[in-house]
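Using only what follows, build the 3D model:
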Amino acid sequence: MQDVQNQKSFQYLYEVETLAQDILTDKETKLDLSNSRNKFREAFRALQGVEDRRTWMQMGSVFVERPTEECKRILLNEIANADKDIEGLDKSIKSKLHKLRDLEHEPRLEGFTLNPISAAEAKALHKAFGAV
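So this is what the prediction gives:
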C-alpha cells in the first residue's frame, strides 16, 4: 500500500517538475528570440541610412555581398519569423501554466488570457469617447 502511494507521489512530482521545467525552457527560448529580433531590428535600422547599392551581410559563418534592398527584405522576414515564434511561445507558456496550476490544484490566474486591443479598436474607442 505504501509503495503505491509513494509511486503516485513520485509520478505527481515528476509531472509537476517536468511541466515547470518546460515553462522555464520556453521562457529562456523566448528571451533568446527577443534578443535576436532586437539585433535584426538594429541591423535593419542601420541599413535604412545606407545609400550603397550593395551591402555585406553575415549568413551563418560566411559573409556575402548582396543588394541592400534584398538585405532589408531578409531582415524584415527574420523579424516577422521571430515575432511569429515569440507569439507561439507565449501561447505555449500560457497553456502550460494553466495545466501546471490545474496539477497543483490552484485557481487559474485572473486576466492572464487577456489580449491587447488592435489599432482599429483603439481608434474606434477614441472616436466613441470623443478623444482625438
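
Only C-alpha atoms from now on, for both contacts and neighbour counts.
OK.

any idea of the mean pLDDT in the helix or strand hosting residue 69?
Here residue 69, judged by DSSP states H and E, is contained in helix 68-103. When pLDDT is averaged along helix 68-103, the result is 94.

With stretch 22-33 instead?
Stretch 22-33 comes out at a mean pLDDT of 97.

Spatially central residue for this structure, please.
Most central in the chain under C-alpha atoms, centre = their mean is residue 86, positioned 1.8 Å from the mean C-alpha point.

From residue 29, how far off is that residue?
9 Å (C-alpha to C-alpha, to the nearest Å).

next one: residue 1
From residue 1 over to residue 29 the distance is 42 Å, taken as C-alpha to C-alpha.

Those two: which has the busier surroundings?
Taking neighbours as other C-alpha atoms under 10 Å, residue 1 and residue 29 compare with residue 29 leading, 15 against 6.

in what helix or strand does the more buried one lie?
Counting by DSSP H and E, residue 29 is found in helix 2-48.

Quick one: distance of that helix to the chain centre.
In terms of C-alpha atoms, centre = their mean, to the nearest Å, the gap separating the centre of helix 2-48 from the centre of its chain is 11 Å.

could you point out which element follows it?
Using DSSP H and E, the helix or strand that directly follows helix 2-48 along the chain is strand 54-59.

on that earlier part again, the helix holding residue 29 to strand 54-59, inter-axis angle?
Between helix 2-48 and strand 54-59, the angle comes out at 170 degrees (axes from the mean of the first three to the mean of the last three C-alpha atoms, to 10 degrees).

And helix 2-48, what does it pack against?
For helix 2-48, the elements it packs on are helix 68-103, judged by 3 or more C-alpha pairs under 8 Å, 6 or more residues apart in numbering; DSSP states H and E.
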